[in-house]
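Visitor: Provided below are the primary sequence and the corresponding predicted coordinates.
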Amino acid sequence: MNKISDFIGNYYRNEHVSPTVRAIADGTGISKSTVHSYLVEMNERKMLCYDGRRNITELPKINKTLPGYFSAPVVGSVQCGDPESEEEEVEMYVSLPSAIFGSGDFYILRASGDSMEDRGIYDGDYVLIKRQTECEPGDIVVALDENNENTLKVYAGTDPENNKAILSYANADKYPGKKIEVAKLTVQGVAQHVISRLNRR
């Protein structure tokens, strides 16, 4: 267990992502099945978090990233078209420089859809979200609709006629004037940065 723990810590510090079971097996010379058995046991002992498949996070060392960096989990995709239910599942952890991205409690979502293109968010981009429940008009938020489905939209304030919160699309060519209205606004976070590739082809 100590050998596996040391490998995970070193791998994360060097690669800034959590290793797979195969990477641990290759790096330690232990068979995959044996690594899996130890990871299950280590998860039960709360030495690390292991979902039984590929997501591994060593708790004691996850905060020991390089100075000036913070760790953020990648938790899958969020719909930028019509709202879509998403179950939060950590795919991996990545290390980002706080000098560029700031500090706080962050997570990363992979954008899906085209409704936020006017705000510079395209399908497949990674969006750095700061966990918070408060937002201001104009903020790009991860919010729940009345069916508890999450979506990435622009918070446009409250409609004075019906007192409902407005979540607006940001693609005037494809969704002119389209919006979602919710009786109760539940914000899961506010977008801070977009990490995207330059060549989208």
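Guide: Received, thanks. Numbers count the residues shown, from 1 in each chain.

Visitor: for this structure, what spans make up the helices?
Guide: Residue ranges of the helices in the chain, as given by DSSP state H, are 2-15, 21-28, 32-44, 98-101.

Visitor: Please pull out the lowest mean pLDDT helix or strand from the protein.
Guide: strand 56-57 (a mean of 70; mean pLDDT, DSSP states H and E).

Visitor: ok, the closest residue in space to residue 167 that isn't next to it in sequence - how many residues close by?
Guide: In space, residue 167 comes closest to residue 153 once its chain neighbours are excluded; the distance is 3.8 Å by C-beta to C-beta, 6 or more residues apart in numbering. The way it works is simple: take the backbone N, C-alpha and C, and place the C-beta from them, glycine included. Using other C-beta atoms under 10 Å, residue 153 has 27 neighbouring residues.

Visitor: same deal with the one 3 residues further on?
Guide: Using other C-beta under 10 Å, residue 156 has 18 neighbouring residues.

Visitor: right, and it touches residue 168 too?
Guide: Yes: look at residue 156 against residue 168 with C-beta atoms under 8 Å: they come within range, at 4.4 Å.

Visitor: Which residues are in contact with each of those two?
Guide: Residues touching both residue 156 and residue 168 (C-beta atoms under 8 Å, 6 or more residues apart in numbering): residue 179.

Visitor: if we can go back for a sec, the residue nearest to residue 167 bridge partners, please.
Guide: residue 141 (DSSP bridges).
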